[in-house]
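J.: Here's my sequence, what's the structure:
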Amino acid sequence: MLTTADCDGGGRRRRRIEDGDEGRFSFAEKKMALEITQFLLSAQSADAKVRIEAEANLRQFQEQNLPSFLLSLSVELSNNDKPLESRRLAGIVLKNSLDAKDAARKDQLVQQWVAIDISVKLKIKEMLLSTLGSSAAEARQTSAQVIAKIASIEIPRKEWPELIRLLLFNMTQQDRPASLKQATLEALGYVCEEISHQDLVQDEVNSVLTAVVQGMNITEYSPEVRLAATKALYNALDFAQTNFENEMERNYIMKVVCETTVAKEPEIRQAAFECLVSIASTYYEVLEPYMQTIFELTSKAVKGDEEVVALQAIEFWSSICDEEIELQDFEDVEVGDSGTSHSHFIEKALPSLVPMLLETLLKQEEDQDQDDTTWNVSMAGGTCLGLVARTVGDAIVPLVMPFVQANISKADWRSREAATYAFGSILEGPGVEKLAPMVHAGLEFLLNAMKDENSHVKDTTAWTLSRIFELLHSPSSGFSVISPANLQQVLGVLLESIKDAPHIAEKVCGAIYYLAQGYEDAGGPNSSLLTPYLPDIITCLIATADRSDGSDSKLRASAYETLNEVVRCSNLKETSHIITQLLPVIMNKLAQTVELQIVSTDDRERQGDLQALLCGVLQVIIQKLSSADETKAVILQAADQIMVLFLKVFGCRSSTVHEEAMLAIGALAYATGPEFGKYMSEFYKYLEMGLQNFEEYQVCAISVGVVGDISRALDGNILPYCDGIMTLLLKDLSSGELHRSVKPPIFSCFGDVALAIGEHFEKYLVYAMPMMKGAAEICARMDNSDEEMVEYGNQLRRSILEAYSGILQGFKNTKPDLMVPHAAHLLQFLELVCRDGQRDESVTKAAVAVLGDLADALGSNVKNLLMDRAFCTEFLGECLQSDDEQLKETATWTQGMIGRVFAVSG
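T.: Residues are numbered from 1 along each chain as shown. Predicted structure coming up:
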């Protein structure tokens, strides 16, 4: 590989690379390559005209000859004689030419790189490797990152097999400067972060780990080298599965990591603890021999080290909790061997771990409640304490309650706040029987603490009350800390405290939210307990949302979200008049937002946020009042005015509002049914815009859902709009730009449209069926080892089945024969779905329903096909034995439909 000496100052080797391209690039392109320094400098000019012209020149060079452009950037980055500013931008542009956040764009960039001539790519890579030895630290680091980006493309394709060897060569040569070794370790770390552990053979993994661990361990190395090595190990840990299975190798790695946690430099200690955090989640099952040492190291760090180090030490125990909670959940679902044995580390460490965590709660910061981004030792300790409670349950209570009792009444605010935080942190995990006595005893105290002189204490008390109402207020299950006797006092305190500082008021909103939620399914007299207080609660929440000091915090959003929950969970028979009175109040507020004077982008953003919240409230009111025949008339009477408001809101052109207003319109369509047709001519253009919004894909997904709502509302009356809608839906499915999560709802939407327009769906069948079959083939090829892909696969399978169901039902009475040619494919797809061990319950329900629809719609036409499919009998048997009554009912119906096919055709 190239050494620093080969390339310093634009030396001979570099000139040979440039001279060797005489025939490859035109004179104009070579001229551009020489001018690139000036272009890069001018692109950072304060003068807009100069900057825009330079950006255009760079873009032109890139478009005219990408290989020459990338080579010129790599030359610029590697040349120590060039200005640091031009080298910095060269590195950024080079990196952005290889990678992008957007998946479609990233794929395009990968294909562009792959298409470049191999000799040019070789020169670029040589330049980058040489830059690791640059005298400029920033150039070295950028080069390491770009090397990793290229590695992420080439190593999986087996196209850069020598990279690891070349990097390791830098580490094994004693005479190489420390700066080169640091940059090489950074490159190794970035490469490990970018590629999969399957992309390296075990010998390469061994060599990487040896180089990295030695980089951490050799005391002669500078702190910068040891830090780079420790960070590289963090990224390489996923590759070390085989090494961690070997006791000797594992002992060595763990010894070095543990020793590094007590290094002189805090950054190195922090990075070493980050490695331990990763090891906790990746190699939990082999940690037993090291836990005593790790406890001592973490304990020392938590008690006396710098905050960044202490935070990672606490995070180690949080990771152990996460692992053990997951193991317990797995054991609960699947009795038997879960693959990883539960070592009960938290339970064993409990007597020492809990006091250590309780001590952290007293290390609060003066302004921690004012800033949502604050994360400190106190918060980390409380979060970990909560995870410990979830891990060990009842066993934590006797260890925490003495701390609470000793500190809750002390004069020092830190003691009172820490005691309250500890109490709130252990409410999830222990059983109700264990918690009930102490919560009943403590509720009165907590309500009084809302008048504490210190804002931190009030903030944490409000949070603790919301936790109590979330976890221990469930009248439907027979237990609640709230009773008719104390409800008035509880609400009195909350409605008074909601006037406090925004950060306290926000948590009070949370308490009211869970208080209302607890009564949702209470039934009997319990469901009425909140009704007398509803007008006061609603008035207070609206006043809170209107506070001038709450607009910059999350208070306004919290107040409206709580109002939504109060309305949603209320007893409609008793509260319909209150909700009816609320409707015009919210409509009026939404109308006022349309008239707001907008002078800046901040004004536009504030208007959009407020409109989104108000549309959300209207959606909940529409759904609530239209859920009963007695109150639906209220919505029908106001529908014209509501729709006019929504259309005005759409005119403001804010994507967040578009989203919320779309959801509310879906609710309105469901409520008004066929009457919604009169709004379609005005609304259609906005629906069209939503369906074409690839960039903000959530808006597109919601718009697809609204098409389903409107199809169900209008039935055949949606027909005049179907050509446009189906064209857009098919275009969405064909797009490589649109986020994949939108595609399953589109298939479900095909079913909704087909069900609505019946035989008229025939004209779309020729376009829809190939899309559905193509998606079914994607399902068959999916990687079932990736949890995200399994979830997406289930969504896609369910939606394809729902599309088939809607189409079959739509054609059933008039043109069922249209689906006969597709029946064999559907059964083939159903067999694939039924044999899939990863399918979830929703897929099972959709599969058994479509099997019944197939038999119902096509009758004797599918007798022979069904006769050849043994899986049908097995699958129906599985569904009929389910504990889910709805699934059993559908399976019984499907069995009847299949029975009828054979009975009728004899």
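J.: ok, longest helix in the chain?
T.: The longest helix of the chain (DSSP state H) is helix 307-333.
J.: Next SSE downstream of that one?
T.: Towards the C-terminus, the helix or strand next in line after helix 307-333, according to DSSP states H and E, is helix 345-360.
J.: Which neighbouring elements make contact with that following helix?
T.: Contacts of helix 345-360 with other secondary structure elements, assessed using 3 or more C-beta pairs under 8 Å, 6 or more residues apart in numbering; DSSP states H and E, are made with helix 291-304, helix 307-333, helix 377-392, helix 397-407. (Each C-beta comes from the backbone N, C-alpha and C, glycine too.)
J.: what bits of the stretch 451-600 of the chain have low per-residue confidence?
T.: By pLDDT under 70, the weakly predicted segments of the stretch 451-600 of the chain are 522-527, 550-553.
J.: mind listing the strands in it by residue range?
T.: Under the criterion DSSP state E, counting those that start in this stretch, the stretch 451-600 of the chain carries strands at the ranges 473-474, 479-480.
J.: Tell me which of those strands sits most buried.
T.: The highest mean neighbour count among the strands of the stretch 451-600 of the chain belongs to strand 473-474 (a mean of 21), with neighbours defined as mean count of other C-beta atoms under 10 Å.
J.: Sheet-wise, list the partners of that strand with their directions.
T.: Next to strand 473-474 in the sheet, as set by DSSP bridges, lie strand 479-480 (antiparallel).
J.: what does the partner strand contact?
T.: 432, 436, 472, 473, 474, 518 (C-beta atoms under 8 Å, 6 or more residues apart in numbering).
J.: JSON lines please, covering the strands of the stretch 451-600 of the chain and showing distance to residue 296.
T.: JSON lines is the format used below for those (distance: least, C-beta to C-beta, whole Å):
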{"stretch": "strand 473-474", "distance to residue 296": "41"}
{"stretch": "strand 479-480", "distance to residue 296": "42"}
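J.: between those, which one is nearest to residue 860?
T.: For the strands of the stretch 451-600 of the chain, the distance to residue 860 is smallest for strand 473-474, at 52.8 Å, taking C-beta to C-beta.
J.: Pull the residues that contact that closest one.
T.: Strand 473-474 is contacted from outside by 480, 481, 482, 514, 515, 518, using C-beta under 8 Å, 6+ apart.
J.: Following the chain past the helix or strand harbouring residue 752, name the next helix or strand.
T.: Element membership of residue 752, judged by DSSP H and E, is helix 743-757. Scanning forward in sequence from helix 743-757 by DSSP H and E, the next helix or strand is helix 762-780.
J.: Can you name every helix or strand that that next one contacts?
T.: Using 3+ C-beta pairs under 8 Å, 6+ apart as the contact test, the elements touching helix 762-780 are helix 719-734, helix 743-757, helix 787-811, helix 820-834.
J.: For the longest one, buried residues please.
T.: By that I understand helix 787-811. Residues 790, 792-811 are the ones in helix 787-811 that count as buried (16 or more other C-beta atoms under 10 Å).
J.: just the angle between it and helix 820-834, please?
T.: Helix 787-811 runs at 150 degrees relative to helix 820-834, counting by axes from the mean of the first three to the mean of the last three C-alpha atoms, to 10 degrees.
J.: residue nearest the centroid of this structure?
T.: When the chain is reduced to its mean C-alpha position, the closest residue under C-alpha atoms, centre = their mean turns out to be residue 788, at 10.7 Å.
J.: and that residue, what does it touch?
T.: Residues in contact with residue 788 (C-beta under 8 Å, 6+ apart): none are found.
J.: Low-confidence stretches in the stretch 201-350 of the chain?
T.: When the per-residue scores of the stretch 201-350 of the chain are filtered using pLDDT under 70, the ranges that remain are 332-340.
J.: Touching stretch 453-463 from outside, list them.
T.: Outside stretch 453-463, the residues within contact range by C-beta under 8 Å, 6+ apart are 364, 368-369, 413, 416-417, 420-421, 424, 446, 449-452, 497, 500-501, 503-504, 507-508, 510-511.
J.: List buried residues within these.
T.: The neighbour-count test (16+ other C-beta under 10 Å) applied to the contacts of stretch 453-463 identifies 364, 368-369, 416-417, 420-421, 424, 446, 449-450, 452, 497, 500-501, 503-504, 507-508, 510-511 as buried.
J.: ok, back up a step: out of the strands of the stretch 451-600 of the chain, nearest to residue 833?
T.: Shortest separation from residue 833 across the strands of the stretch 451-600 of the chain is recorded for strand 473-474, at 36.8 Å, computed as C-beta to C-beta.
J.: That closest one: how far from the chain's middle?
T.: Here strand 473-474 shows a centroid-to-chain-centroid distance of 29 Å under the convention C-alpha atoms, centre = their mean, to the nearest Å.
J.: Could you do stretch 288-304 as well?
T.: In terms of C-alpha atoms, centre = their mean, the centre of stretch 288-304 is set 32 Å apart from its chain centre.
J.: hang on, the earlier thing: show the pLDDT at the residue nearest to the centre of the chain.
T.: Note on residue 788: pLDDT of 82.
J.: ok, now how distant is it from residue 36?
T.: Using C-beta to C-beta, to the nearest Å, one obtains 40 Å as the distance from residue 788 to residue 36.
J.: go on, residue 194?
T.: Where residue 36 is concerned, residue 194 sits at a distance of 26 Å (C-beta to C-beta).
J.: who's more crowded, the two?
T.: Set side by side, residue 194 and residue 36 show more neighbours around residue 36, with 24 against 20, by other C-beta atoms under 10 Å.
J.: helix, strand or coil for that one?
T.: Recorded secondary structure, residue 36: helix (DSSP: H, G, I helix; E, B strand; the rest coil).
J.: show me the contacts for it.
T.: Residue 36 is in contact with 58, 61, 72, 73, 76, 86, 90, counting by C-beta under 8 Å, 6+ apart.
J.: repeat that for 6 Å
T.: Contact partners of residue 36, counting by C-beta atoms under 6 Å, 6 or more residues apart in numbering, are 72, 76.
J.: what sits up against the strand or helix carrying residue 108?
T.: Taking DSSP H and E as the criterion, the element that holds residue 108 is helix 103-115. Contacts with helix 103-115, where a contact means C-beta under 6 Å, 6+ apart, come from 98, 100, 153, 736, 737.
J.: which element is the third one on?
T.: Of the helices and strands defined by DSSP H and E, residue 153 is found in helix 137-154.
J.: other SSEs contacting that helix?
T.: Judged by 3 or more C-beta pairs under 6 Å, 6 or more residues apart in numbering; DSSP states H and E, the packing partners of helix 137-154 are helix 84-96, helix 118-131, helix 178-194.
J.: Count the residues that sit near the residue lying closest to residue 671 once chain neighbours are set aside.
T.: Taking C-beta to C-beta, 6 or more residues apart in numbering, and ignoring the residues beside it in sequence, residue 671 has residue 626 as its nearest neighbour in space, at 3.5 Å. With neighbours defined by other C-beta under 10 Å, the count for residue 626 comes to 21.
J.: so residue 626 sits right up against residue 673, yeah?
T.: No. Under the criterion of C-beta atoms under 6 Å, residue 626 makes no contact with residue 673, lying 9.6 Å away.
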